[in-house]
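Participant: here are the coordinates; sequence isn't available:
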């Protein structure tokens, strides 16, 4: 999710400057970003449904694939000035990254349980947050050096595709086998009349 989180931060911070560079007006760019954010909001019930009906890693993989495809489509359609397909690409992008947060929480809980979740998150979350917070800065630096966002935005789409690949092969840890109390047997019972 740290790799996938790169895309969320970049989309929220650098998307409007990218659209301005591609000759879209400020109001059109703001509308497209609002469509992306609204899509991320309204998709939550769908992703909640998937947590009850799909394996958690499968849902996360689909969300990452949607976000990666949406980001690549945004770059392609914006570069060509095609507004209606661009609008649909923003819907796809929003649906993809809108699923990451609820699915992330489901995976954390189902894979690590209540006993270890605090320990695991205390190690993993600072790294994921550092990557997510630093990614818009690196994207901005890339734009300053290269002069456009196209290559780096395709790279961000690639991060989402990499995250989809990684999470597909994540398996939950084995659960401890618990013997119900009514099936417990005593191997050496005391003799009758003696305790």
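Facilitator: Structure received. Please read all numbers here as calculations on a predicted model, not as lab measurements.

Participant: give the next helix or strand downstream of the one helix or strand residue 90 maps to.
Facilitator: Using DSSP states H and E, residue 90 maps to helix 83-98. Going down the chain from helix 83-98, the next helix or strand is helix 100-146, by DSSP H and E.

Participant: just checking, what packs against that following helix?
Facilitator: helix 2-21, helix 44-53, helix 56-80, helix 150-168 (3 or more C-beta pairs under 8 Å, 6 or more residues apart in numbering; DSSP states H and E). The way it works is simple: take the backbone N, C-alpha and C, and place the C-beta from them, glycine included.

Participant: looking at these, which is closest to residue 103?
Facilitator: helix 56-80 (4.5 Å; C-beta to C-beta).

Participant: only the buried residues of the closest one, if you could.
Facilitator: Using 16 or more other C-beta atoms under 10 Å as the test for burial, helix 56-80 gives 56-57, 59-79.

Participant: and stretch 40-56, by the same measure?
Facilitator: Within stretch 40-56, the residues scored as buried using 16+ other C-beta under 10 Å are 40, 43, 47, 50-51, 55-56.

Participant: chain center to the lowest-mean-pLDDT helix or strand in the chain, what's the gap?
Facilitator: None of the helices or strands of the chain scores lower by mean pLDDT, DSSP states H and E than helix 100-146, at a mean of 82. Taking C-alpha atoms, centre = their mean, to the nearest Å, the mean C-alpha location of helix 100-146 is offset from the chain mean by 9 Å.

Participant: again, but for stretch 39-59
Facilitator: Taking C-alpha atoms, centre = their mean, one finds stretch 39-59 lying 11 Å from the centre of the chain it belongs to.

Participant: who's in contact with it?
Facilitator: Contact with stretch 39-59 is made by 62-63, 90-95, 97-99, 102-103, 106-107, 110-111, 167-171, as judged by C-beta atoms under 8 Å, 6 or more residues apart in numbering.

Participant: first to last residue in that stretch, what's the distance?
Facilitator: Chord length of stretch 39-59, first to last residue, is 17 Å (C-alpha to C-alpha, to the nearest Å).

Participant: could you give the average pLDDT over that stretch?
Facilitator: Across stretch 39-59, the average pLDDT comes to 90.

Participant: re earlier: got the angle between the least confident helix or strand of the chain and helix 2-21?
Facilitator: Orientation note: helix 100-146 sits at an angle of 50 degrees relative to helix 2-21 (axes from the mean of the first three to the mean of the last three C-alpha atoms, to 10 degrees).

Participant: just to revisit the earlier point, which residues touch the helix holding residue 90?
Facilitator: 4, 7-8, 11, 28, 32-33, 35-44, 46-47, 63-71, 73-74, 76-78, 160.

Participant: equivalent analysis for stretch 6-17, please.
Facilitator: For stretch 6-17, contacts defined as C-beta under 8 Å, 6+ apart pick out 26, 29-30, 32-33, 36, 67-68, 71, 74, 93, 97, 100, 131-133, 135-136, 139-140, 143, 149, 153, 156-157, 159-160.
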